[in-house]
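Student: Sequence first, then the predicted structure, then my questions.
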2 protein chains.
Amino acid sequence: MKRLSRLASFILVLGWLSIQGAAGQSDPLASWNDGPAKQSIIAFVAAVTHEGGTDYVPPARRIAVFDNDGTLWAEHPIYFQFVFAFDRIKALAPQHPDWKEKQPFKAALEGDHRALAAAGEKGVLDIVAATHAGMTTDDFSRTVGDWLVTARHPRFDRPYDTLVYQPMLELLDYLRANGFKTFIVSGGGVEFMRVFAERAYGIPPEQVVGSSGVTKLQTGPDGKPFLMKEPKVEFIDDGPGKPVAINHFIGRRPIFAFGNSDGDQQMLQWTASCGGVCFMGIVHHTDAEREYAYDRDSPVGRLAKAFDEGRQRGWTIVDMKRDWRTIFP
Amino acid sequence: MKRLSRLASFILVLGWLSIQGAAGQSDPLASWNDGPAKQSIIAFVAAVTHEGGTDYVPPARRIAVFDNDGTLWAEHPIYFQFVFAFDRIKALAPQHPDWKEKQPFKAALEGDHRALAAAGEKGVLDIVAATHAGMTTDDFSRTVGDWLVTARHPRFDRPYDTLVYQPMLELLDYLRANGFKTFIVSGGGVEFMRVFAERAYGIPPEQVVGSSGVTKLQTGPDGKPFLMKEPKVEFIDDGPGKPVAINHFIGRRPIFAFGNSDGDQQMLQWTASCGGVCFMGIVHHTDAEREYAYDRDSPVGRLAKAFDEGRQRGWTIVDMKRDWRTIFP
């Protein structure tokens, strides 16, 4: 009896060990199909974390930067922050009866994308000023938070902050588990993204870099200070602005960067000159069935120059349809 | 024999445990004399880290911000970054023979502080433009690094980056050991401070916030991108600029702030409205023997308004002479 019981314990322990072993070996990039993209990520991480290896990078220098729109979450049919702005125009319209006849507000209210496009940069700035300024930073964050709870994507009928890419969530976790510090470096508004970046991606506000408007310190009647958002663009974190912002906010060169459009080209080039082994990745949207298929001719997230350079220089190009087992969580 | 050996083991274990216990109880703020300043720090940290307590703050929200000049390192007789600029003017003078007769360069070369003061803000900007621009960000960092190795403080005859305050180093470590993320938020140049902040304070570049100049992305003849420092001020991180920069870079309100001059007043006010238990500290330079004694009438690091407000609102005011056992490491 005692013998059997010991044998039983032994078998139980063996069983437990094998379960632990299996868990230990579970794939941290389970939503990535096996292929060159997944392999290049794993090989890079193995190289820079191998102590004593020639490509070893100490944890403090393991900086990874990610574009947001089209890289971490979807961006079609239009950038989600634009949807937020148009929804705000609709919500604020009763207080602005003149908007019914005034561009670009008329176009925004009527969903007239052609007229909106015709309004150009000036039109975008007018809409940004009307929806992203004239309130405190705290009030703006609350407005974004409320919108995320109620708004739904027109095609997927899900809240926008659930349209994040499962393979990229796994990649963020995988990098962090390997001592990387993960940052967003996006053309999106920094105060817009910070509302959901921590919950959606595990990226805290202080690691979100983005475009910004001017804010001004004021004091309320209660004597408490607050920051007022002014209708003035401060910085556009896109294209050549991305290396500038990386230097300004992070202060060291990333060794890992992921983007998906020509707006990320300079960030990828900047990372490519990291001085050691560097990883440059591009998400290529090739899956019209499960998400969207677009590149050279898309007004949203155009990918042409960065794609050509990436192919020429051997950057990792993710074919969404082929490389991703799952798209959304 | 076996008995004795067991007893010996037992005694050894007891001895080891008591050593561990003593080590565990060693004072993390050993350079702080016992008194209200030290007590207020310990009480605050105990309150916000006590899980289940009414004042508990989760680690992600434990943001601590520190001014640099006069708070983490010395700032007299003049800000160390000014010394760097004047030394650069001297080093560059042979290439600029006209500086001998041209203000503010003439004053900088002759150490004529009166003439320099007379040159005003325009003079400072001319000197900053000549010493902090017209080179790449990488070259600037190298120049600062080289200067730190060779330059010596006129009174203490030590490298400037060793004139950091030992009690503040202990405080930084103590906060980090208690789950805080420590940031510098200083009027000093961000690219200047990042050269030594990690080594001197354990604060990585991405947690250094400061004043900045405009940088521009360019491409070298080798096809590699670099950032050129332009002679244009981008942002002054002082006074009302500090809450603006905290919001811009960190994106959440600190619960702990330390400064030493009126340039920190708005940062302290901003922290004081943190919404829970908040800690506001001011270093008061009272020790002419071991360091310097100055406050209301000092052109460098003037402390008047913030001092009055701090006393009125019960902020922690460190009397350097009384509260600090050691000044420099």
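Tutor: Ah, there it is. Numbering: from 1, shown residues only, chains lettered A, B, ... in the order given.
Student: switch to C-alpha atoms for all contacts and neighbour counts from now on
Tutor: Will do.
Student: can you give me the mean pLDDT across stretch A:65-79?
Tutor: Averaged over stretch A:65-79, pLDDT sits at 97.
Student: buried stuff in that stretch?
Tutor: For stretch A:65-79, burial by neighbour count (16 or more other CA atoms under 10 Å in any protein chain shown) applies to A:65-76, A:79.
Student: Once you drop chain neighbours, what's closest to A:I236?
Tutor: A:S211 (4.6 Å; CA to CA, 6 or more residues apart in numbering or on different chains).
Student: wait, is that neighbour part of a strand?
Tutor: Yes. Assigned with DSSP: H, G, I helix; E, B strand; the rest coil, A:S211 falls within a strand.
Student: what pLDDT does it get?
Tutor: pLDDT for A:S211: 96.
Student: Give me the distance between it and A:G263.
Tutor: According to CA to CA, to the nearest Å, A:S211 and A:G263 sit 13 Å apart.
Student: Tell me which residues touch A:A257, please.
Tutor: A:A64, A:V65, A:F66, A:M267, A:L268, A:T271, A:F279, A:M280, A:G281 (CA atoms under 8 Å, 6 or more residues apart in numbering or on different chains).
Student: List the ones among the residues you listed that fall in helices.
Tutor: A:M267, A:L268, A:T271 (DSSP state H).
Student: Present these as TSV; the columns should include neighbour count, distance to B:T137 and pLDDT.
Tutor: Converted to TSV, the ones in helices among the contacts of A:A257 look like this (neighbours: other CA atoms under 10 Å in any protein chain shown; distance: CA to CA, whole Å; pLDDT from 0 to 100):
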residue	neighbour count	distance to B:T137	pLDDT
A:M267	30	16	98
A:L268	30	18	98
A:T271	26	15	98
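Student: A:L175: which of those is nearest?
Tutor: Closest approach to A:L175 among those (CA to CA): A:T271, at 16.2 Å.
Student: Mind jotting down where the strands sit in the stretch 1-150 of chain A?
Tutor: Ranges of strands in the stretch 1-150 of chain A, per DSSP state E, counting those that start in this stretch, are A:63-66.
Student: for chain B, what are the nearby residues on it?
Tutor: A:A60 (CA under 8 Å from any CA of the partner chain).
Student: If you check the stretch 1-150 of chain A against chain B, which residue is the closest one?
Tutor: In the stretch 1-150 of chain A, the residue that lies nearest chain B is A:A60 (7.8 Å; CA to the nearest CA).
Student: which ones are touching that residue?
Tutor: A:F180, B:P204.
Student: now, the most widely separated pair of the buried residues of stretch A:65-79?
Tutor: Using CA to CA, those reach their maximum pairwise distance at A:V65 and A:H76, which is 21.7 Å.
Student: Give me the neighbour count for the closest residue to A:F196 other than its chain neighbours.
Tutor: Excluding the flanking residues, the one nearest A:F196 by CA to CA, 6+ apart is A:D161, at 7.1 Å. If you count neighbours by other CA atoms under 10 Å in any protein chain shown, A:D161 ends up with 19.
Student: wait, what's in contact with A:D161?
Tutor: A:W73, A:L148, A:F196, A:A200.
Student: And the buried residues of stretch A:65-79, which is closest to A:R302?
Tutor: Minimum distance to A:R302 across the buried residues of stretch A:65-79 is 10.1 Å, recorded for A:G70 (CA to CA).
Student: Give me the distance between the closest residue to A:F80 other than its chain neighbours and A:V190.
Tutor: Spatial nearest neighbour of A:F80, excluding adjacent residues (CA to CA, 6+ apart): A:Y160 at 7.2 Å. From A:Y160 over to A:V190 the distance is 17 Å, taken as CA to CA.
Student: swap in A:A288?
Tutor: Per CA to CA, A:A288 is found 29 Å from A:V190.
Student: more neighbours, the two?
Tutor: A:V190 (23 against 11).
Student: so A:D238 touches A:D262, yeah?
Tutor: No. Contact status for A:D238 versus A:D262: not in contact, 9.2 Å apart, counting by CA atoms under 8 Å.
Student: residue closest to the middle of chain A?
Tutor: The residue lying closest to the centre of chain A (CA atoms, centre = their mean) is A:N68, at 2.2 Å.
Student: Look up the closest residue to that one, ignoring the ones flanking it.
Tutor: Nearest residue to A:N68, sequence neighbours excluded (CA to CA, 6+ apart): A:S186, at 5.5 Å.
Student: ditto for A:N247
Tutor: Using CA to CA, 6+ apart, the nearest residue to A:N247 is A:R253, at 7.2 Å.
Student: and the one you found, how many neighbours does it have?
Tutor: If you count neighbours by other CA under 10 Å, A:R253 ends up with 21.
Student: Repeat that for the one 3 residues further on.
Tutor: Around A:F256 there are 25 other residues, counting by other CA under 10 Å.
Student: How about A:Q95?
Tutor: 8.
Student: same check, this time on the one 4 residues further on
Tutor: Applying other CA under 10 Å, we find 19 other residues in the vicinity of A:W99.
Student: likewise A:S298?
Tutor: Using other CA under 10 Å, A:S298 has 14 other residues around it.
Student: same check, this time on the one 10 residues further on
Tutor: The local packing count at A:D308 equals 10, with neighbours defined by other CA under 10 Å.
Student: Please see if the helix or strand hosting A:Q312 touches chain B.
Tutor: A:Q312 is part of helix A:305-313, with elements assigned from DSSP states H and E. No. Applying CA under 8 Å from any CA, one finds helix A:305-313 out of contact with chain B, separated by at least 12.7 Å.
Student: Show me what that helix is in contact with.
Tutor: A:S261, A:D262, A:D264, A:Q265, A:I282, A:T316, A:I317.
Student: related to what we said a few turns ago, would you mind confirming that the residue nearest to A:F80 is in contact with A:P154?
Tutor: No. A:Y160 lies out of contact with A:P154 (CA under 8 Å); the separation is 9.8 Å.
Student: Between those two, which is the more surrounded one?
Tutor: More neighbours surround A:Y160 than the other of A:Y160 and A:P154, with 23 against 11 (other CA under 10 Å).
Student: and stretch A:116-128, which residues are buried?
Tutor: Here stretch A:116-128 shows A:L116, A:A119, A:G123, A:V124, A:L125, A:D126, A:I127, A:V128 as buried, counting by 16+ other CA under 10 Å.
Student: and the nearest residue to the last one once chain neighbours are set aside, how many residues sit next to it?
Tutor: By that I understand A:V128. Nearest non-adjacent residue to A:V128, counting by CA to CA, 6+ apart: A:A85, 7.0 Å away. A:A85 has 20 neighbours, counted by other CA under 10 Å.
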